[in-house]
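1. Return a 3D structure for these sequence lines:
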Amino acid sequence: MPAAYVETDQFRDARIHLCDLAGLEIRDCEVSGLKIVDCYGGDVSLSGAFQRVLVNDIDVTAYVEAELDRHNPTRALAREAKSAAEYRAAWDAVEAQWKATLDRARLLPEAKLHEQVDGEWSFVETQRHLLMASDSWLGRAVLEEDSPYHPLGLPYSGMPREATEKLGVTLDATPTLDEVLEPRLARMAAMRRVVDGLTDAELDRVCGSKPGESYPDREYLVRGCLTVVLKEEAEHHRYAVRDLAVLEAGS
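-> Numbering: from 1, shown residues only. Below you'll find the model as predicted:
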């Protein structure tokens, strides 16, 4: 079993020289200033939120973002929404793409929807995470519900277990797709009601509740919370479609 290092700063400013790092995985880490110099390999994969990425001294950041937007237009709609009408248009796109993708996923055996591809969340786990995201940023923050968290939600992987349990979430649950979709689609319907009634003035309302127990003590505007929901939907749809192609090929 490979070694695992969790919540440590022992590698900060470290220098790794003449080592075999084949198969190394770095996940959910702060990597500002990371340099990989004079290395070689046949298959290198990077994913994450990077402000600037140089490959052999060429800044590829803008190119990568443009290609992601070209293949996934909803990303741009989610990121750039400013007015109430633009938020509605972005949610229209989110709903449409998930409807098509859920129909596609249902063609696979249920067991396939619980398989992880390259260690990423399964299709069902992705739905659980998006449920948690909308519980936090829509239910808790925008709608100011006292008990917004459904037990089947799944938080981001870096959230401490004790904080998750405090919210009433069952991390080890193993629900079917339909069991997750019941609350998930209900949350999507709530988002539809919110954007349908949205005004430009409402976008700048300060939410009376924070989106989650583990978030810092600061003010959140409705527009910011809705943007988080839209971005989560757009990015995780991209991951889900990527992995569905692998599962379909395996079938």
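
2. Name all residues that make contact with the closest residue to residue 106 other than its chain neighbours.
-> Excluding its sequence neighbours, the residue lying closest to residue 106 (Cβ to Cβ, 6 or more residues apart in numbering) is residue 177, at 7.7 Å. Glycine gets a C-beta too; all of them are placed from N, C-alpha and C. Neighbouring residues of residue 177 by Cβ atoms under 8 Å, 6 or more residues apart in numbering: 105-106, 110, 113, 123-124, 127.

3. how about the helices in the protein?
-> Ranges of helices in the chain, per DSSP state H, are 61-71, 73-80, 84-105, 123-134, 161-166, 177-196, 200-203, 222-250.

4. circling back to that earlier point, among the contacts of residue 177, name the buried ones.
-> Taking 16 or more other Cβ atoms under 10 Å as the criterion, what is buried in those is 105, 113, 123-124, 127.

5. Which of the residues in stretch 89-101 are classified as buried?
-> Buried residues in stretch 89-101 (16+ other Cβ under 10 Å): 90-91, 93-95, 97-98.

6. Quickly compare the helices of the chain and say which is most buried.
-> helix 123-134 (a mean of 24; mean count of other Cβ atoms under 10 Å).

7. Can you give the contact residues for that helix?
-> 105, 112-114, 116, 121, 149-150, 152-156, 169, 173, 175-177, 180-181, 183-184, 187-188, 190-191, 228-229, 232-233, 236, 239-240, 243-244, 247.

8. again, only using 6 Å
-> Under the contact criterion Cβ atoms under 6 Å, 6 or more residues apart in numbering, helix 123-134 has outside partners 105, 113-114, 150, 152-155, 177, 180, 183-184, 187, 229, 232, 236, 240.
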